[in-house]
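Student: sequence plus predicted model, see below.
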Amino acid sequence: MEFARRLLRWHTGVKRPMPWKARTDAYAIWLSEIILQQTRLAQGLPYYERFIHAFPTVHALARADEQAVLRLWQGLGYYTRARNLHETAKYVSERLEGRFPDSYAGLLRLKGIGPYTAAAIASFAYNLPHAVVDGNVFRVLARYTGDATDIATGRGKRHFTELANRLLDKERPAAYNQAIMDFGALVCKPAVPLCDHCPLQADCVAYHTGRIATLPVKSKRTARRLRHFQYLVFRDGNYFFIRKRTGDDIWKGLYEFPCLDTGDALPEHRVRARVRAWIGTPPVLVAGPYRQQLTHQTIVATFWEVAAPPPPELELIKVARRRLDAYPFPKVILNYLARNIL
DNA sequence: AAAGCGGGGCG
DNA sequence: CGCCCAGCTTT
């Protein structure tokens, strides 16, 4: 219990402010946790404020249409989270009378809720003894125990989850979980940890064996794919033609201009020839190429204007310039609009 | 078990 | 430029 006691003592002085801690309802906790998946607190906070204001209850969120939810999510990334958020809101609102499950196992069954989020809601909303295991916890525990088990493997996840639950203060699970995550974010940081001011330094194995910089061990490396998107901007005065992205690819559910995914780089004259063969009119290069760095892909987007009406078989949506802000777009489209249109 | 999914910040 | 961030879903 020494570990938990020191952590909680440290935490009394340096809590990070969490707006949703003012509310104890599972809805607010759940919303904040989904937003913060793989997302820094500073980046997620403004989104939480906008969501909780627009949808104060799970019923309000359930009544919204998906496009409005995605629009509010625009720019945050990992858009599957937004679609799952909406689906789960409808489920909880319509099937569970607005009440979230009050057990870890029950929470785990909901879409978009995995082991971390189930533990977070169980502890923060209901004070149940389930240890959260996120990036912070992996790092703190791997360093504290000097354990080089690969956190990217199932075995590593199981190992650190069991350890986390042994170390958990079962009398105060909510406070403990908040403390260890704040500790990972503020002291036991990834690149430049503050070991000189660390309350756990005396017992930290990695510190005493000089392995702070090499722990935790995370194997999977990121192979990054390079893709070239040619966006065709059909324009009729103040009207634009867009469509919704579908299929198993990035940005599902978001909108964009019709896109020629050429895969490899293509010389400008080849693009013009290809578009001309397709719709009879050569396009004019108007912007780009813009690079958009995703975690596993690099998108190079070039924008072409076409002085002809779009082929009907594309089934594009005709939208007035002033109405574009009702649609969710990926960042690269927003950049184009901001620099060239709006 | 491994792959895929955004965008931003930091050293 | 590479790694990381209050991870989850699909294959």
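Tutor: Okay, I see it.

Student: what does residue A:290 show for phi and psi?
Tutor: phi -100, psi 140 (degrees, to the nearest 10).

Student: so it touches residue A:300, yeah?
Tutor: Yes: applying C-beta atoms under 8 Å as the test, residue A:290 and residue A:300 come out as touching, 7.4 Å apart. For the C-beta atoms, the positions are set from N, CA and C on the backbone; glycine is no exception.

Student: which residues touch the one residue in the stretch 201-342 of chain A that gets nearest to DNA strand B?
Tutor: Going by C-beta to the nearest atom of the strand, DNA strand B is nearest to residue A:250 of the stretch 201-342 of chain A, at 3.1 Å. Residue A:250 sits next to A:294, A:297, A:299, A:330 when contact means C-beta atoms under 8 Å, 6 or more residues apart in numbering.

Student: sec struct for it, please.
Tutor: coil (DSSP: H, G, I helix; E, B strand; the rest coil).

Student: with residue A:242 instead?
Tutor: Note that with three-state DSSP, the state of residue A:242 is strand.

Student: for residue A:222, see how far away it is.
Tutor: 31 Å (C-beta to C-beta, to the nearest Å).

Student: quick one: which of these two has more around it?
Tutor: When residue A:242 and residue A:222 are compared on other C-beta atoms under 10 Å, the one with more neighbours turns out to be residue A:242, at 18 against 6.

Student: so in chain A, which helix runs the longest?
Tutor: Criterion DSSP state H: the longest helix present in chain A is helix A:80-95.

Student: buried stuff in that one?
Tutor: For helix A:80-95, a neighbour-count test (16 or more other C-beta atoms under 10 Å) marks A:81-90, A:92-93 as buried.

Student: and for stretch A:175-191?
Tutor: Using 16+ other C-beta under 10 Å as the test for burial, stretch A:175-191 gives A:175-188.

Student: do a quick rundown of the helices in chain A.
Tutor: Under DSSP H, chain A gives helices at A:2-11, A:26-35, A:41-54, A:58-63, A:66-73, A:80-95, A:104-108, A:115-126, A:135-145, A:154-167, A:173-186, A:205-208, A:268-279, A:331-340.

Student: the shortest one - contacts with which helices or strands?
Tutor: Read it as helix A:205-208. In terms of contacts (3 or more C-beta pairs under 8 Å, 6 or more residues apart in numbering; DSSP states H and E), helix A:205-208 is packed against helix A:135-145.

Student: and for the second one?
Tutor: Using 3+ C-beta pairs under 8 Å, 6+ apart as the contact criterion, the secondary-structure elements in contact with helix A:26-35 are helix A:41-54, helix A:80-95, helix A:115-126.

Student: the residue in chain A that DNA strand C sits nearest to - how many residues pack around it?
Tutor: Using C-beta to the nearest atom of the strand, residue A:114 is the residue of chain A that sits closest to DNA strand C, at 2.4 Å. By the measure other C-beta under 10 Å, the count of residues near residue A:114 is 11.

Student: so who does it touch?
Tutor: residue A:108.

Student: distance check, it against residue A:159.
Tutor: In this view, residue A:114 and residue A:159 are 17 Å apart by C-beta to C-beta.

Student: please apply the same query to residue A:199.
Tutor: Relative to residue A:159, residue A:199 is positioned 24 Å away (C-beta to C-beta).

Student: and if you look at residue A:332?
Tutor: Per C-beta to C-beta, residue A:332 is found 40 Å from residue A:159.

Student: in terms of neighbours, single out the busier of the two.
Tutor: residue A:332 (21 against 18).

Student: so the more buried one sits against residue A:292, correct?
Tutor: Yes: between residue A:332 and residue A:292 there is a contact under C-beta under 8 Å: 4.3 Å.

Student: identify the contacts common to the two.
Tutor: Taking C-beta under 8 Å, 6+ apart as the criterion, residue A:332 and residue A:292 both touch A:299, A:301.

Student: picking up where we left off before, if I average pLDDT within each of the helices of chain A, which one is lowest?
Tutor: Per-stretch mean pLDDT for the helices of chain A is lowest at helix A:268-279 (a mean of 90).

Student: just checking, what packs against that helix?
Tutor: On a contact count with 3+ C-beta pairs under 8 Å, 6+ apart, helix A:268-279 meets strand A:225-236, strand A:259-263, strand A:297-306.

Student: adjacent strands (with direction) for the second one?
Tutor: If I follow you right, that is strand A:259-263. Counting by DSSP bridges, the strands paired with strand A:259-263 are strand A:225-236 (antiparallel).

Student: which residues touch the partner strand?
Tutor: So strand A:225-236 is contacted by A:240-241, A:256-266, A:271, A:275, A:283, A:286, A:289, A:296-306, A:308-310, A:316, A:318, A:332-333, A:336 (C-beta under 8 Å, 6+ apart).

Student: filter those residues to the buried ones?
Tutor: The neighbour count (16+ other C-beta under 10 Å) marks A:240-241, A:256-258, A:260, A:262, A:266, A:271, A:275, A:283, A:286, A:299-306, A:310, A:316, A:332-333, A:336 as buried among the contacts of strand A:225-236.
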